[in-house]
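Peer 1: build the 3D model from these lines:
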Amino acid sequence: MGEQSHVNSLFLNEDAAKRLSAEGRVQRLRQAVQKRAARAKKRMHSITADKKPRCRTEGQTTGSHCPISILIPCWSTGIILAFSLRPYQLTYRQIKYFSFPGELLMRMLQMLVLPLIVSSLITGMASLDGRASGKMGMRAVVYYMVTTIIAVFIGILMVIIIHPGKGSKDKLHREGRIEQVQTTDAFMDLVRNMFPPNLVEACFKQIPVPENFTGILENITHALGTVSEVLTFEEVIPIPGSANGVNALGLVVFSMCFGLVIGSMKQKGRALREFFNCLNEAIMRLVAIIIWYAPVGIMFLIAGKILEMDDLAVMGGQLGMYTLTVIVGLLIHALCILPLLYFIVTHRNPWVFIAGLLQALITALGTSSSSATLPITFRCLEENNGVDRRITRFVLPVGATINMDGTALYEALAAIFIAQVNNYELDFGQIITISITATAASIGAAGIPQAGLVTMVIVLTSVGLPTEDITLIIAVDWFLDRLRTTTNVLGDSLGAGIVEHLSRHELDAQDCELGNSVIEEKEQSTLQDHRITESSRLEGTLKIIQSNR
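Peer 2: Predicted structure coming up:
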């Protein structure tokens, strides 16, 4: 009887222990899930890189802002130095020696452009699902088209109001020579560049506007009654070729498609995602090093370009009104239209956002290349303005390739200026043609210095204006090209902020999905551990009961 009561009390104690153990397991499971949720949120925070400027101890500036305090004085010093050396009339070789530090900066930045475009686009597209990337892409394209059309309209409005082409073109000085280009050939080359047959070759070559060769066709006999006439026809035959330079458009198309495929592979594509993510991080660390050399390089770039100019008086003389018209148009677009669009969409202060871009804008002004400025733009947006990495990795490479607001404004304005110089009256239909052609041609303008001069041939050809008159404005293009590039970089950056604001719901939903998947994985692991522990405890209890019996 005593043994029976002992067994009963043992089982009662065992039931109570089980209840306490079950409650404890539930409590521990709840705590584990909460901890895992916090860790998942922290992990997503690091993935999306909502990084703010890293603060140091009091009395020190942030690392990302230090070059700004050096960059502006160096830029001003370069201008002063150039004007101080101009009276000495340096030779071309001496100027090249002098501007060599600036050339090194351009080479370092261009060295990073190719791996940065590929890695950022692939990681950006792979981190988004198909629906989210489609919506973001549509918003980005709509933004690009709207801002480009507005830029073209501003350019046309400015040149019609100010009318800088009054007078005789005989007073204007011509520089260089412009090749004849067919509009259809140029647009076909644009499409060809989107689909490079050799991906490796696309890293260092692109299809240019084809050179035109004249081929004489065979004689054709044309009978007119009893008289036979032999006609000889000549046809301009385009010969496709290639030119040195990164085919950014082809790499962008491939990287976007490749990133979407990797993202759809889920777990199988994890290794590739991590590889390109690591590559992107390594490139950005190299950018952080190069940033400290940028002030010196930009100083010598600016000074060298001013020293190369034969006669700076042309900017205030023959082409003064033209230069002023372009500057006013670019300022209206960059300082009024783009900030206004950002404010209307996001309801945030655009000038705070632009202040975080100051380093990228000054770099664009010095290098005259939106592609070379791309590494700096990434850093400014992600660290200074806290833009989501999934947005910057998608919007910036595409924008640097196809979104050229400043170039579109310049091409439309320059085309009408050339018409005014030739006393050529454009009707409304021709102005619309210039608008459409300038918008389309700006998409094909590579992010390299003075690429707008090449694509402007397309605009002039579309309305029958003489393409050789482009040589009239080459004298001031080196300066205006820097302002165009700065406008392009500003438009890309504000576009990234707008797309991020419009896509916040998709980004938050994806954060929750990724966080939930991580939590569910941990929950399953925790439940499995508890099952193993519970099984071992039951086995131990049964052994105790059997030994007591």
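Peer 1: where along the stretch 101-250 of the chain do the helices fall?
Peer 2: Applying DSSP state H, counting those that start in this stretch to the stretch 101-250 of the chain gives helices spanning 130-162, 183-194, 199-202, 248-264.
Peer 1: would you format those as CSV with mean neighbour count included?
Peer 2: Using the backbone N, CA and C atoms, a C-beta is placed for each residue, glycine as well. Conversion of the helices of the stretch 101-250 of the chain to CSV gives the following (neighbours: other C-beta atoms under 10 Å):
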stretch, mean neighbour count
helix 130-162, 19
helix 183-194, 17
helix 199-202, 14
helix 248-264, 20
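Peer 1: could I get the contacting residues of Thr486?
Peer 2: Ala334, Leu361, Ala364, Leu365, Gly406 (C-beta atoms under 8 Å, 6 or more residues apart in numbering).
Peer 1: nearest to Val489 among these?
Peer 2: Of all these, the one sitting nearest Val489 is Ala364; the distance, using C-beta to C-beta, is 4.3 Å.
Peer 1: count of neighbours near that closest one?
Peer 2: 28 (other C-beta atoms under 10 Å).
Peer 1: any weak-confidence spans in the stretch 201-350 of the chain?
Peer 2: Across the stretch 201-350 of the chain, the ranges flagged by pLDDT under 70 are 207-244, 310-318.
Peer 1: swap the cut-off to 90 and go again
Peer 2: Within the stretch 201-350 of the chain, the ranges that satisfy pLDDT under 90 run 201-257, 259-270, 272-273, 277, 280-281, 283-285, 287-298, 301-323.
Peer 1: show me where it has strands.
Peer 2: 205-206, 211-216, 220-224, 227-231, 234-239, 243-244 (DSSP state E, counting those that start in this stretch).
Peer 1: so what does the one helix or strand Pro397 maps to touch, helix or strand wise?
Peer 2: When elements are assigned from DSSP states H and E, Pro397 belongs to helix 389-402. Contact analysis of helix 389-402 by 3 or more C-beta pairs under 8 Å, 6 or more residues apart in numbering; DSSP states H and E lists helix 2-48, helix 100-126, helix 130-162, helix 248-264, helix 370-379, helix 474-502 as its packing neighbours.
Peer 1: quick check: mean pLDDT of that helix?
Peer 2: Averaging pLDDT along helix 389-402 yields 87.
Peer 1: show the subsequent helix or strand relative to that helix.
Peer 2: Heading C-terminal from helix 389-402, the first helix or strand you meet, by DSSP H and E, is helix 405-421.
Peer 1: next, the buried residues of that following helix.
Peer 2: Buried residues in helix 405-421, counting neighbours by 16 or more other C-beta atoms under 10 Å, are found at 405-421.
Peer 1: what angle sits between whatever helix or strand comes next after it and helix 389-402?
Peer 2: As assigned by DSSP H and E, the chain's next helix or strand after helix 405-421 is helix 428-443. With axes from the mean of the first three to the mean of the last three C-alpha atoms, to 10 degrees applied, the angle from helix 428-443 to helix 389-402 works out at 120 degrees.
Peer 1: can I get the next helix or strand after helix 428-443 in CSV, CA atoms only?
Peer 2: Proceeding N to C from helix 428-443, the next assigned helix or strand is helix 452-462, under DSSP H and E. Provided in CSV are the C-alpha atoms of helix 452-462 (Å, rounded to 0.1, in the frame of the first residue of the first chain):
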residue,chain,number,x,y,z
GLY,A,452,25.8,65.1,-76.4
LEU,A,453,27.6,66.6,-79.4
VAL,A,454,27.5,63.2,-81.1
THR,A,455,23.8,62.6,-80.5
MET,A,456,22.9,66.2,-81.4
VAL,A,457,23.7,65.2,-85.0
ILE,A,458,20.5,63.0,-84.9
VAL,A,459,18.4,66.0,-83.8
LEU,A,460,19.7,68.3,-86.5
THR,A,461,19.3,65.6,-89.2
SER,A,462,15.7,65.0,-88.2
